[in-house]
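J.: Make a model of this:
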Amino acid sequence: QVQLVESGGGLVQPGGSLRLSCAASVRDYYTIGWIRQAPGKEREGVVAISSIDDETYYAIPVRGRFTVSRNNATNGIDLQMDKLKPEDTAIYYCAIDSRTGSHRVLIGPFALDLWGKGTLVNVSS
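T.: Sure, this is the predicted structure:
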């Protein structure tokens, strides 16, 4: 099973930036992306990118502020987050479509069903 490890979270002021990284043990997935879970809320999709054709889907709340990119050195992806808002505060999980998980998070045309342990992003003044 693919192992996913996130890094790069932390405390940032509103309007600031953070860059998250995801390392995958192997590049064996259909789709990879990020999901997040804010306190008291369900997990929600942030962005997903297809491994077949690089089709990318951003959730509406992050469009124009977040940018995903592939990191071939880690078999994973990075997430550049700019113009951060307090409502972006959440645990961010790197996730893949493994076609084996029992719980799925939908984002646009994609479904992600396996995720790492997460990294906390706290946007606060």
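J.: could you check the distance from C94 over to S124?
T.: Relative to S124, C94 is positioned 23 Å away (C-beta to C-beta, to the nearest Å). Using the backbone N, CA and C atoms, a C-beta is placed for each residue, glycine as well.
J.: ugh, wrong one, I meant T56
T.: Plainly put, T56 is 29 Å away from S124 if you go by C-beta to C-beta.
J.: out of those two, which sits in the more crowded spot?
T.: T56 (16 against 10; other C-beta atoms under 10 Å).
J.: what's the closest residue to that one other than its chain neighbours in contact with, if anything?
T.: Nearest residue to T56, sequence neighbours excluded (C-beta to C-beta, 6 or more residues apart in numbering): I49, at 4.6 Å. By C-beta atoms under 8 Å, 6 or more residues apart in numbering, the contact list for I49 reads 31-33, 55-57, 68, 70, 77.
J.: E6 now?
T.: 20-22, 92-94, 116-119.
J.: Quick check: strands, which of the residues you listed are part of them?
T.: Among the contacts of E6, DSSP state E puts 20-22, 92-94, 119 in strands.
J.: burial of E42, as a residue count?
T.: For E42, the neighbour count with other C-beta under 10 Å is 7.
J.: Tell me how far the residue nearest the centre of the chain lies from S125.
T.: What sits nearest the mean C-alpha location of the chain, by C-alpha atoms, centre = their mean, is W34, with 1.5 Å. According to C-beta to C-beta, W34 and S125 sit 24 Å apart.
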